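Novice: based on what follows, work out the 3D shape:
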Amino acid sequence: MALEVTEILKIKPSTMLAEDVRAWAFEKNGLYSVRSAYRLLKDEQAAMAMAKSDEARGSGDDRAWNLIWKLKVPLKVHLFWWRALQNFLPSKLELKWGHIIPESYCELCGDPEEMVFHVIFCCPVAKRFWAEVFPGISIPMLHPSTWAMDVLDTNICSVNTASLVVCEAWTLWSARNARRHGRKTWEPGATVR
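Specialist: Numbering: from 1, shown residues only. Got it, this is the predicted structure:
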């Protein structure tokens, strides 16, 4: 309590004699928004996940970005993976947490929580995709909270394997988005050219 009193006493009153106003520090205009609060919570969540996985040492974002740029993938896939690392892809679970949609189930398999990790690796459609399209590639064991960074870890995946996994993850995510918007996508059993 004494520390808080000391901090409050350090505040100098304005010389303009203006009324005090409440302002939300996380928006330029000072007004609270759910979007900025959500962004703040997601940043805190990402920081906690990075700290748990020992990625917090040094500049984690710079390290991750450098690892992403080593991949031999198109620019849109680099950006997709950066968004995956930042947990900034709109899965149904994320949209439900943001009160944008009412339910978060996977439309393909009925899993109650459609997360990006589920769409790319756990959904039966994703498992079938990996088995049929890339039968020779073995997906490493990935942790659901650190999977995006794990793919970039050269102790887990070679750069070539990581490039392939990232590209195909983008394919699965794009197909998921196309299905949600009624566009034609790859289906299990279809020929791939």
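Novice: so which bits of the helix or strand hosting Cys167 are buried?
Specialist: Using DSSP states H and E, Cys167 sits within helix 159-180. Buried residues in helix 159-180, counting neighbours by 16 or more other Cβ atoms under 10 Å, are found at 161-176. In short, each C-beta sits where N, CA and C put it, glycine included.
Novice: helices or strands up against that helix?
Specialist: Applying 3 or more Cβ pairs under 8 Å, 6 or more residues apart in numbering; DSSP states H and E, we find helix 159-180 packed against helix 75-85, helix 124-133, helix 147-152.
Novice: how about JSON lines for these, with mean pLDDT added?
Specialist: Below are those laid out as JSON lines (pLDDT from 0 to 100):
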{"stretch": "helix 75-85", "mean pLDDT": "91"}
{"stretch": "helix 124-133", "mean pLDDT": "89"}
{"stretch": "helix 147-152", "mean pLDDT": "89"}
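Novice: need the winner for burial among those helices.
Specialist: Among the helices and strands packed on helix 159-180, helix 147-152 has the highest mean neighbour count (mean count of other Cβ atoms under 10 Å), at a mean of 22.
Novice: what are the ranges of the helices in this protein?
Specialist: Taking DSSP state H as the criterion, the chain carries its helices at 2-9, 34-52, 60-70, 75-85, 92-97, 116-117, 124-133, 147-152, 159-180.
Novice: let me see the contact set for Ala162.
Specialist: Shown in contact with Ala162 (Cβ atoms under 8 Å, 6 or more residues apart in numbering): 71, 151-152, 154.
Novice: if I pick the nearest residue to it once chain neighbours are set aside, what's in contact with it?
Specialist: In space, and not counting its chain neighbours, Ala162 is closest to Val151: 5.2 Å by Cβ to Cβ, 6 or more residues apart in numbering. Listed by Cβ under 8 Å, 6+ apart, the contact set of Val151 reads 81, 140, 142, 157, 162, 165-166, 169.
Novice: in a markdown table: those residues, plus distance to Tyr38.
Specialist: Formatted as a markdown table, these follow (distance: Cβ to Cβ, whole Å):
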| residue | distance to Tyr38 |
| --- | --- |
| Trp81 | 21 |
| Pro140 | 31 |
| Leu142 | 25 |
| Cys157 | 31 |
| Ala162 | 29 |
| Val165 | 28 |
| Val166 | 26 |
| Ala169 | 24 |
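Novice: where's the dip in pLDDT among those residues?
Specialist: Lowest pLDDT of the contacts of Val151: Pro140, 76.
Novice: distance of that one from Asp153?
Specialist: Pro140 sits 9 Å away from Asp153 when distances are taken as Cβ to Cβ, to the nearest Å.
Novice: kindly report the same for Trp69.
Specialist: 15 Å.
Novice: pick out whichever of the two has more residues nearby.
Specialist: Set Trp69 next to Asp153 and count neighbours by other Cβ atoms under 10 Å: Asp153 wins out with 15 against 10.
Novice: ok, now which ones touch the most centrally placed residue in the chain?
Specialist: Taking Cα atoms, centre = their mean, the centroid of the chain lies closest to Asn87, which sits 1.7 Å from it. Asn87 makes contact with 42, 45-46, 49, 94, 116, according to Cβ under 8 Å, 6+ apart.
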